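Student: Predicted model, plus sequence, below.
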Amino acid sequence: MPGKELGHYELLLPIAQGGMATVWAARRRGHRGFQKTVAIKTMLPSLSEDAQFESMFLEEARLASGIHHPNVAEILDLGEQGDVLYIVMEWVDGEALSVIARAANKSGVAIPLRIALRVLSRACLGLHAAHELRDPQNDDQLLGLVHRDVSPQNILVTYDGHVKLVDFGVAKATNRSGNDTTAGQIKGKVPYMSPEQARGERIDRRTDIFAMGIVLYKLTTGDHPFTAENDLLTLQHITSRPALSPRLKNPDFPADLEHVLMTCLQKDPDKRYQTMLDLEGALEAVLAKEPTVTDHDVGAFVRGLLGERNQRRRAALRDTVRMLDERASHPPEVMLVRDSISEFFFTQLPPGHPNAQLPTIRASAPSLSQPVLLPEALPQSSPGQETPLSPIEVPAARSRSGTLAAAAALALVTALGAGMVWHR
């Protein structure tokens with residue numbers, strides 16, 4: 001829950017949850033008021049006794065912590081407190097490519113080709129760095145790292161236009177002995193698997209190239225090249241059906257980009273691009289024919305599309321930090337009385353009063369026993385704005401019993417305050 005401490009870190013808000021872990025916004029506090037926002041990934045409690053999932057979680061931390069590249073979210077720390085395993089990661093102030101694509105589609109806005117190519121070109125560079133990771137304990141030999149989960153959900157784009165690859169939860173070091181996937185077990189998202197991955201065969205970096213080809217195809221055409229009514233049919237299409245040439249459906253689709261797509265999506269790995277650096281070079285060649293694009297252009301597009309979502313998330317974090325700081329700076333008995341008074345006033349407001357329905361997160365009643373709304377559900381507010389709670393307005397149409405109860409509560413606060421002064 002918000003306020004829970006894990007080592008040097010304090011959890012703030014949950015921001016994502018998958019089948020294996022929850023990701024939190026958190027902060028590290030240091031001397032003289034130092035604070036740093038980070039992301040913390042915690043294993044789901046239901047999996048804490050599962051040795052296989054624990055092994056995968058630890059392997060993710062070990063592998064990803066060795067990758068140092070501007071286009072890969074950095075792993076900062078690994079910790080364990082009680083039965084909670086957690087990974088501390090760089091905080092990425094942005095959105096998943098899947099969220100951006102969905103928002104664009106909902107708004108009827110096409111993602112400009114130059115923006116799409118720029119984003120995926122940067123993602124390719126991050127993946128190339130992962131593929132080139134070496135093992136210092138084995139004469140710096142290549143680990144043969146394969147992400148195995150390249151998808152729009154795992155490509156983040158910040159509001160400043162930077163691209164970050166995340167989630168090495170099912171990554172595999174193919175050159176490390178004893179690291180074979182259990183027979184018959186397939187890992188990754190079905191719609192973004194390669195043919196060899198779907199068949200449970202040996203994989204290498206070219207598996208990620210096929211997956212990136214699917215991402216590129218979907219982002220530039222609006223269609224998935226292999227998806228079907230269910231996962232089984234999708235896997236059959238991936239392994240046996242050629243991708244449809246984009247120009248058959250849209251004659252205006254760039255021929256050189258179509259060549260890039262179809263090369264990525266070859267069933268035979270030997271016929272694909274052999275490295276992510278090769279694919280990045282091909283994308284840059286296509287991009288050279290488009291208007292110049294920079295990270296600033298990418299950021300401006302994302303902010304224009306999802307800026308309000310970002311403001312809500314930032315407001316939620318500010319409100320949570322303010323609550324936690326206020327809770328830490330007051331004696332527990334005072335906070336309990338303040339929470340009770342605030343709750344009393346708000347429940348006594350007459351129907352239709354503008355403050356009768358208010359968000360759970362608020363600065364004037366910092367009770368962490370209440371449920372915390374996720375950023376999507378929070379009221380919209382701009383940076384620097386307060387949630388509309390204070391001052392508390394007591395309506396004239398208060399019942400006599402309500403007035404007496406309020407007076408009694410205020411008297412209790414006064415008594416507690418006097419007692420604390422006396423005690424000092």
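Tutor: Looks like it came in fine.

Student: show me what contacts the residue nearest to Thr221 when sequence neighbours are not counted?
Tutor: With sequence-adjacent residues excluded and distances taken as Cβ to Cβ, 6 or more residues apart in numbering, Thr221 is closest to Pro246, at 5.0 Å. C-beta coordinates here come from the backbone N, C-alpha and C atoms, glycine included. Shown in contact with Pro246 (Cβ atoms under 8 Å, 6 or more residues apart in numbering): 217, 220-221, 253, 257-258, 261.

Student: need those in TSV with neighbour count, can you?
Tutor: As requested, the contacts of Pro246 are exported to TSV (neighbours: other Cβ atoms under 10 Å):
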residue	neighbour count
Tyr217	24
Thr220	22
Thr221	18
Phe253	16
Leu257	25
Glu258	19
Leu261	21
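
Student: and the residues you listed, which of them are in helices?
Tutor: Judged by DSSP state H, helices contain the following of these: 217, 220-221, 257-258, 261.

Student: which of the contacts of Pro246 lies closest to Asp319?
Tutor: Ranked by distance to Asp319 (Cβ to Cβ), the contacts of Pro246 are led by Thr220 at 39.2 Å.

Student: then stretch 116-132 to CSV, C-alphas only?
Tutor: These are the backbone C-alpha positions of stretch 116-132, laid out as CSV (Å, rounded to 0.1, in the frame of the first residue of the first chain):
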residue,chain,number,x,y,z
ALA,A,116,6.7,5.9,-35.7
LEU,A,117,10.0,5.3,-37.5
ARG,A,118,12.0,7.4,-35.0
VAL,A,119,10.5,5.6,-32.0
LEU,A,120,11.2,2.1,-33.4
SER,A,121,14.6,3.1,-34.6
ARG,A,122,15.6,4.1,-31.0
ALA,A,123,14.0,0.9,-29.7
CYS,A,124,16.2,-1.1,-32.1
LEU,A,125,19.3,0.6,-30.6
GLY,A,126,18.2,-0.4,-27.1
LEU,A,127,17.7,-4.0,-28.2
HIS,A,128,21.0,-4.1,-30.0
ALA,A,129,22.7,-3.1,-26.7
ALA,A,130,20.9,-6.0,-25.0
HIS,A,131,21.8,-8.5,-27.7
GLU,A,132,25.5,-7.4,-27.4
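
Student: Ala171 reaches Gly66, doesn't it?
Tutor: No. Between Ala171 and Gly66 there is no contact under Cβ atoms under 8 Å: 11.1 Å.

Student: So those two - more neighbours on which side?
Tutor: Ala171 (24 against 15; other Cβ atoms under 10 Å).

Student: just the helices in the stretch 201-350 of the chain please.
Tutor: 205-221, 231-240, 246-249, 255-264, 276-287, 295-329, 332-348 (DSSP state H, counting those that start in this stretch).

Student: how many degrees apart are the second one and helix 205-221 in direction?
Tutor: In other words, helix 231-240. Here helix 231-240 runs at an angle of 110 degrees relative to helix 205-221 (axes from the mean of the first three to the mean of the last three Cα atoms, to 10 degrees).

Student: helices and strands around the host helix or strand of Met56, which ones?
Tutor: Using DSSP states H and E, Met56 sits in helix 51-64. Applying 3 or more Cβ pairs under 8 Å, 6 or more residues apart in numbering; DSSP states H and E, we find helix 51-64 packed against strand 35-43, strand 75-81, strand 84-90.

Student: Turn the ones you listed into TSV, columns for distance to Gln137 and mean pLDDT.
Tutor: What follows is the helices and strands packed on helix 51-64, written out as TSV (distance: least, Cβ to Cβ, whole Å; pLDDT from 0 to 100):
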stretch	distance to Gln137	mean pLDDT
strand 35-43	25	94
strand 75-81	17	93
strand 84-90	21	94
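
Student: List the contacts of Trp91.
Tutor: Per Cβ under 8 Å, 6+ apart, neighbours of Trp91: 25, 37-39.

Student: and Phe57, what pLDDT?
Tutor: Looking at Phe57, its pLDDT is 90.

Student: Please tabulate the ones in helices among the contacts of Pro246 in TSV, including the columns distance to Leu6.
Tutor: Converted to TSV, those look like this (distance: Cβ to Cβ, whole Å):
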residue	distance to Leu6
Tyr217	40
Thr220	41
Thr221	43
Leu257	45
Glu258	48
Leu261	43
